[in-house]
Each structure stands twice: as structure tokens, then as C-alpha cells.
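A.B. asks: Pasted the sequence and its predicted model underneath.
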Amino acid sequence: MDHKSVVDARTKMKASIDHLAGEFRGLRSGRATPALVENIRVDYYGSPTPIAQLAQIQIPEPRQIAIKPFDASALKEIEKAIQASNLGINPQNDGKLLRLTVPMLSEEQRKKLGGRLKEMSEATKIALRNTRRDANKHLDDAKELTDDTRAKAKEAVQSLLKQHEGEVEKMLAAKTKEIMET
């Protein structure tokens with residue numbers, strides 16, 4: 001059943017999952033990953049620009065991130081942006097590049113992060129359910145649909161919801177495992 005409301009619901013639910021994946025990538029797990037810093041915005045000539053567009057981001061060691069700006073004059077601004085972010089890592093500046101050492105997470109930090117992951121997952125599930133509600137409302141308002149077609153479309157939306165909620169659960173389990181292991 002590919003009524004416009006079902007297609008829209010599928011697109012919105014996918015966007016919610018993609019957003020959650022991006023949020024999860026940006027969370028510190030005790031391992032260095034470019035995702036920790038690539039979306040931090042830097043004031044570059046008056047324009048907020050992600051670090052990934054201003055610098056090469058490398059992982060020379062499992063717990064270290066090296067950031068080498070394409071334009072050396074941006075080094076100080078990148079350093080300021082990292083310090084202002086909620087990352088909790090202080091960069092070392094050698095004049096050419098920034099080095100960030102990702103500290104190991106304590107047991108308490110891991111538990112807090114686990115709670116934050118659950119909150120983010122629940123917020124995504126709420127967004128998914130809101131998408132289902134909106135799609136069902138559009139289907140109810142669609143006068144051109146027969147009762148059977150409307151029912152099938154609603155079943156398709158419900159199926160999409162279950163599928164995407166399952167995806168959220170898998171993502172949560174995988175990220176929680178990653179955080180508890182490191």
C-alpha cells in the first residue's frame with residue numbers, strides 16, 4: 001500500500017532513525033572516533049562551519065584524535081569551539097594540529113551515558129509514534145480511499161512503526177554494549 005501518507009510516514013521515520021544514529025555517533029564511549037568532533041561548529045569567517053569541512057580528522061591511536069586544519073589560521077578557532085563544546089576534552093595545540101586524548105569512562109559515567117542513550121531512544125520512539133498518528137489522521141481525512149484501502153494503509157503504517165521501533169532497540173543495544181565494553 002503506497003498511499004502518499006504511508007510514503008511520507010516511511011520517509012519521516014527513516015529521518016528519525018538517521019537522526020538518532022547521528023546523535024549516537026557523537027557520544028563519547030572511551031574510544032576515539034571522528035564523529036566526536038566532526039559536527040562541532042567553528043566560527044570561521046563569521047559562519048558556523050563543521051570541523052569536518054575545515055580540517056582533516058585522523059585517529060592515530062585508539063584513544064587519540066588529531067585535527068589538522070586545511071587553513072592554519074583556523075587552528076585557534078577550532079580549539080575554542082572544542083573547548084566550548086560539551087565534549088569535556090581539552091585539546092593540545094602544537095601550532096600545526098590539535099590532539100585530543102579521549103579519557104576512559106568511569107563506571108558512573110558509563111551508567112549516566114546509558115541513561116542518556118535510553119532517553120534519546122525513547123524520544124525517537126515518541127517521534128515515530130507521532131509520525132504514525134499524523135499518517136493515520138491523513139488517511140482518515142482522505143475521502144478518496146475506500147474503507148478497505150484505508151485499513152490496509154493503516155496496517156502498513158503500523159508495520160513501519162514496529163519495524164523502526166525494532167531498529168531503535170537494536171541501535172540502543174549495540175551502543176550500550178559498546179559503552180559498557182570500553
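C.D. replies: Arrived safely. Worth saying up front: this structure is predicted, and the values here are computed from it rather than measured.
A.B. asks: can you give me the helices for this structure?
C.D. replies: 4-25, 51-54, 75-84, 107-141, 147-181 (DSSP state H).
A.B. asks: what about the shortest one, distance to the chain center?
C.D. replies: Okay, so that is helix 51-54. From the chain centre to the centre of helix 51-54 is a distance of 17 Å (Cα atoms, centre = their mean, to the nearest Å).
A.B. asks: Output it as CSV - backbone C-alpha positions only.
C.D. replies: Once non-C-alpha atoms are left out, helix 51-54 reads as follows in CSV (Å, rounded to 0.1, in the frame of the first residue of the first chain):
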residue,chain,number,x,y,z
ILE,A,51,35.1,20.9,11.8
ALA,A,52,34.9,18.2,9.2
GLN,A,53,34.8,21.0,6.5
LEU,A,54,37.7,22.8,7.9
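A.B. asks: Against Leu117, how distant is the residue nearest to Ala55 when sequence neighbours are not counted?
C.D. replies: Spatial nearest neighbour of Ala55, excluding adjacent residues (Cβ to Cβ, 6 or more residues apart in numbering): Pro69 at 4.3 Å. All C-beta atoms are positioned from the backbone trio N, CA, C, and that covers glycine. Relative to Leu117, Pro69 is positioned 32 Å away (Cβ to Cβ, to the nearest Å).
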